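Asker: kindly generate the corresponding structure for this input.
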Amino acid sequence: VFLSTVVSLAALFVGGYLLLRAYRRNAETQYRAHHDALTELPNRTLFSDRLQLALSVCKRQHTKLALLFIDLDNLKTINDKHSHQAGDAVLVESARRMQDSIRDSDTIGRVGGDEFIVLLPNVKNESDAIFVAQKILKAVMMPISFEGQELLTSVSIGIALYPDHGLDEVELTNNADVAMYAAKT
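Answerer: Numbers count the residues shown, from 1 in each chain. A predicted model of the protein is given here:
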């Protein structure tokens, strides 16, 4: 009886361990599938999901949201002049600074090499989005230390509001992208 109890407990322990290990692997796989590997921000897939949810809420509650399309300026120059490691450091630090500039209820995603999108749900008007854009711009413009050097970058930001500048993800993203290119010039 004692031996069968020990064997049963050992089997339960091993089974529990294997179950937890499988769960942890699945959670890690899910995380990697929905987050950018370098910055750990939501990727395009997760960002799109959050935007779709926010648009549904806005339509139901007749509220506004803003999208900020952000392009990190001169990343190619930093990569060419200093190194790709320097460029990665600028991306990581810029992403952290942008994240620190938004509310917990907002979402920032990395959607391209040097492109980010910020979702600002529940904004009252364009000035709310401009305020956040200015916070992001100031934060990113601060020098970034890398291996004893100070690297400088800035961002170009385009803003689109739902429903003023688009009624769906594609229209809003395109209009924010067009506004970003206008800001770049």
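Asker: strands of this structure, start to end?
Answerer: 64-72, 107-110, 115-123, 144-146, 149-151, 155-162 (DSSP state E).
Asker: to Q52, which of the ones you listed lies closest?
Answerer: strand 115-123 (10.4 Å; CB to CB). No exception for glycine: its C-beta is placed from N, CA and C like everyone else's.
Asker: residues of that closest one that come out buried?
Answerer: Neighbour counts over strand 115-123 (16 or more other CB atoms under 10 Å) mark 115-123 as buried.
Asker: what about the longest helix in the protein?
Answerer: helix 2-34 (DSSP state H).
Asker: S105 is in contact with P121, correct?
Answerer: Yes. Using CB atoms under 8 Å, P121 is in contact with S105, at 6.3 Å.
Asker: give me the most central residue, the protein.
Answerer: G109 (2.1 Å; CA atoms, centre = their mean).
Asker: possible to save the strands of the chain as CSV with distance to R21 and mean pLDDT?
Answerer: Formatted as CSV, these follow (distance: least, CB to CB, whole Å; pLDDT from 0 to 100):
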stretch, distance to R21, mean pLDDT
strand 64-72, 38, 97
strand 107-110, 30, 97
strand 115-123, 34, 97
strand 144-146, 37, 95
strand 149-151, 41, 94
strand 155-162, 41, 97
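Asker: and of those, who's closest to L51?
Answerer: Nearest of those (CB to CB): strand 115-123, 5.6 Å.
Asker: how about residues contacting the closest one?
Answerer: 41, 47, 50-51, 54, 57-58, 63-72, 95, 98, 102-103, 105-111, 128-129, 132, 136, 161, 173, 176 (CB atoms under 8 Å, 6 or more residues apart in numbering).
Asker: what sits closest to the residue nearest to the centre of the chain if chain neighbours are left out?
Answerer: F47 (3.2 Å; CB to CB, 6 or more residues apart in numbering).
Asker: so the one you found versus A182, what's the distance?
Answerer: To A182, F47 is 22 Å away according to CB to CB, to the nearest Å.
Asker: neighbour count: these two, which is higher?
Answerer: F47 (25 against 10; other CB atoms under 10 Å).
Asker: quick one: that one from T77, how far?
Answerer: Taking CB to CB, one finds F47 at 27 Å from T77.
Asker: what's the answer for V170, then?
Answerer: Applying CB to CB to V170 and T77 gives a distance of 31 Å.
Asker: can you give me the pLDDT of the residue lying farthest from the centre of the chain?
Answerer: Distance to the chain centre peaks in the chain at V1, reaching 56.8 Å (criterion: CA atoms, centre = their mean). Note for V1: predicted pLDDT of 74.
Asker: quick thing: my sequence starts at 26, can you match it?
Answerer: Fine by me, first position is 26 from now on; the one you just mentioned is V26.
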